[in-house]
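K.L.:
need a structure here:
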Amino acid sequence: MLIKTYGSAVYGIEATTITIEVNISGGTKYYIVGLPDNAVKESLQRIESALSTSGFRMPRQKIVVNLAPADIRKEGSAYDLAIAIGILASSRQIEAPILDEVLILGELSLDGGILPVKGALSIAMQAARDGFKGIILPLANAREAAAVENLQVCGIQHIKEAIDFVQKKKQLNKAKMNLQEELLDNIGDNDTDFADVQGQEHIKRALEIAAAGGHNVLLIGAPGSGKTMLAKRLPTILPPLTLDESLETTKIHSVAGLLGATQSRVMNRPFRAPHHTISDVALVGGGTNPKPGEISLAHNGVLFLDELPEFKRSVLEVMRQPLESRQITISRARFSVDYPASFILVAAMNPCPCGFHNHPQKDCVCNPGAVQKYLSKVSGPLLDRIDLHIEVTPIGFNELTSPRPAEKSEVVRSRVIAAREMQAQRFSSHNNIHCNAQMSPKQVREICRIDESGRALLKIAMERLGLSARAYDRILRVSRTIADTERCADIKTEHLAEAIHLRSLDRESWLE
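P.N.:
Coordinates of the predicted model:
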């Protein structure tokens with residue numbers, strides 16, 4: 001008897017519905033066809049044990065399981081439950097009249113327990129688009145999928161619950177949640193705050209500009225000057241995640257298997273800080289079975305690269321294209337997947353090997369030319385893609401012990417949100433552009449118009465600093481953001497001057 005159940009496969013961060021056809025006929029062997037990997041092929045052993053311990057039997061006949069479409073590679077153990085239900089229905093051990101209305105996924109343990117799977121949110125969203133009325137999935141994934149409207153999400157812990165449900169013997173509790181309310185409840189829920197940092201007002205100003213426009217930042221300074229402390233607090237001044245951003249970010253983390261049973265959503269902006277020994281595949285994504293890398297896990301958040309020159313050059317160079325396109329494409333012989341990668345890059349580095357070049361109190365002990373050699377570990381094309389180069393100098397004792405309270409992240413965030421609202425209105429007719437850093441060169445020419453005095457200032461800066469055309473565009477983007485933070489409709493000369501000043505490494509005097 002031929003029975004069809006429905007599962008799903010995840011490619012990139014999008015899901016594809018898979019039809020699972022089970023046919024039982026005369027014979028003795030079991031077959032799974034449709035490009036299954038080893039985890040799928042091994043499912044029959046798990047299914048046999050789970051059925052036996054649950055009071056059912058594995059038919060001693062020829063069983064053919066086809067996973068359609070047959071030309072798509074099937075990976076993982078999420079098909080176990082759907083295949084098991086199909087076998088029970090095909091062998092007439094159960095009557096299941098609603099199999100064409102629900103999508104089924106879950107990994108089986110030998111005792112019939114249901115284990116969580118990856119990519120539940122992407123699968124639930126695709127199930128709703130394909131017209132399924134409900135989805136049966138592990139209880140640990142139920143809250144994750146419950147954000148999808150117009151879909152009955154039923155979480156289970158044992159195969160018996162799924163069997164009773166498809167036979168209409170038992171109604172399962174539907175998982176419910178209000179994502180919008182949870183997002184509002186999590187605003188300002190951070191352990192860190194800008195008020196923790198004493199002094200460094202000019203650095204805080206630069207990070208506020210970076211947050212307001214989505215600009216990449218490079219912090220250069222001596223050890224202990226506060227680079228890492230400042231970088232870790234950048235997410236606290238970014239606008240809260242919108243509903244769409246939260247869903248998109250959650251999909252990525254779900255596919256990567258980073259959502260635990262207690263965390264059904266990504267509620268706060270991600271902050272990823274990989275170690276400098278990371279490989280290029282781990283950073284940008286890929287592998288034999290492609291998975292999102294750190295740049296995609298930082299999507300809609302912050303990617304922090306501490307000790308930038310210590311990263312392998314090949315690792316840094318593979319970021320150049322994603323920094324421009326804000327997505328990464330992983331190509332293989334049979335398929336390719338796209339992962340979004342729209343993040344704010346914050347990099348930190350010492351100015352020289354000993355760390356004390358340009359230090360106000362300590363002398364640099366590096367050999368002549370060592371500073372330039374150390375800086376050259378980071379390529380010019382990569383530096384060109386970083387909008388703000390900021391020198392971080394150590395603060396003195398008086399400033400460190402000052403009783404004057406520092407400005408809280410909440411106050412700074414309110415100004416950032418106001419600037420972002422101006423940009424949202426400006427780019428309301430443009431798809432996939434939400435902040436100034438995402439403008440195309442054509443949009444820069446249309447939006448970032450400057451007067452004659454500003455043009456003269458920028459010409460002098462271009463000639464003296466030897467700026468590239470990309471640096472020119474980025475200065476205009478930053479100056480537009482500075483104007484937005486001050487609620488100015490036009491870019492003024494002082495906005496351009498501040499934007500130029502925020503590119504320390506372009507100034508020859510910095511190396512002296």
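K.L.:
Confirm Ile24 sits in a helix?
P.N.:
No: the assignment for Ile24 (DSSP: H, G, I helix; E, B strand; the rest coil) gives strand, which keeps it out of a helix.
K.L.:
That one and Gln61 touch, don't they?
P.N.:
Yes: using CB atoms under 8 Å, Ile24 and Gln61 qualify as a contacting pair, with a distance of 5.2 Å. In this view, the C-beta of every residue, glycine as well, is placed from N, C-alpha and C.
K.L.:
Need the residues touching each of those two.
P.N.:
Jointly contacting Ile24 and Gln61 under the rule CB atoms under 8 Å, 6 or more residues apart in numbering are Ser91.
K.L.:
Next, the buried residues of stretch 453-461.
P.N.:
By neighbour count on 16 or more other CB atoms under 10 Å, the buried set for stretch 453-461 is Gly454, Leu457, Leu458, Ala461.
K.L.:
now those residues in TSV, with secondary structure?
P.N.:
Listed next are the buried residues of stretch 453-461 as TSV, based on three-state DSSP:
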residue	secondary structure
Gly454	helix
Leu457	helix
Leu458	helix
Ala461	helix
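K.L.:
from those residues, which single one is nearest Ala212?
P.N.:
Gly454 (19.8 Å; CB to CB).
K.L.:
Secondary structure element holding Asn67?
P.N.:
Rather than Asn, residue 67 is Leu. strand 62-68 (DSSP states H and E).
K.L.:
now do Ala348
P.N.:
Going by DSSP H and E, Ala348 is in strand 344-349.
K.L.:
what comes into contact with the strand holding Leu67?
P.N.:
7, 18-36, 40, 44, 74, 79, 83, 86-87, 90.
K.L.:
cool, and stretch 25-40?
P.N.:
Counting by CB under 8 Å, 6+ apart, 41, 43-44, 60-77, 79, 83 sit against stretch 25-40.
K.L.:
cool, and stretch 199-206?
P.N.:
194, 197, 217, 219, 226, 230, 388, 390, 392, 395, 399-400, 402, 406-407, 412, 502.
K.L.:
Just the ones of those residues in helices?
P.N.:
Leu230, Glu399, Leu400, Val412 (DSSP state H).
K.L.:
ok so, going back, per-residue confidence averaged over the strand holding Leu67?
P.N.:
Computed over strand 62-68, the mean pLDDT rounds to 95.
K.L.:
in that strand, what's buried?
P.N.:
Those would be Ile63, Val64, Val65, Asn66, Leu67, for strand 62-68 by 16+ other CB under 10 Å.
K.L.:
and the helix or strand that that strand is followed by, how far from the chain's centre?
P.N.:
Sequence-wise, the next helix or strand downstream of strand 62-68 (DSSP H and E) is helix 80-90. Relative to its chain's centre, helix 80-90 lies at 35 Å (CA atoms, centre = their mean, to the nearest Å).
K.L.:
Quick check: mean pLDDT of helix 80-90?
P.N.:
Mean predicted confidence for helix 80-90 is 95.
K.L.:
got the angle for it vs strand 62-68?
P.N.:
130 degrees (axes from the mean of the first three to the mean of the last three CA atoms, to 10 degrees).
K.L.:
What lies in contact with helix 80-90?
P.N.:
Contacts of helix 80-90 (CB under 8 Å, 6+ apart): 1-7, 20-24, 32, 43-44, 46-47, 50-51, 56, 58-59, 63, 65, 94-96, 99, 104-108, 114, 136, 159, 162-163, 166.
K.L.:
just to revisit the earlier point, what residues sit buried inside the following helix or strand past the strand holding Ala348?
P.N.:
Scanning forward in sequence from strand 344-349 by DSSP H and E, the next helix or strand is helix 370-375. By neighbour count on 16+ other CB under 10 Å, the buried set for helix 370-375 is Val371, Tyr374, Leu375.
K.L.:
And stretch 71-79, by the same measure?
P.N.:
Neighbour count says stretch 71-79 has Ile72, Arg73, Lys74, Glu75, Gly76, Ser77, Ala78, Tyr79 buried, by 16+ other CB under 10 Å.
K.L.:
Show me the helices in the stretch 101-250 of the chain, by range?
P.N.:
120-129, 139-145, 159-166, 179-185, 201-213, 227-232, 243-255 (DSSP state H, counting those that start in this stretch).
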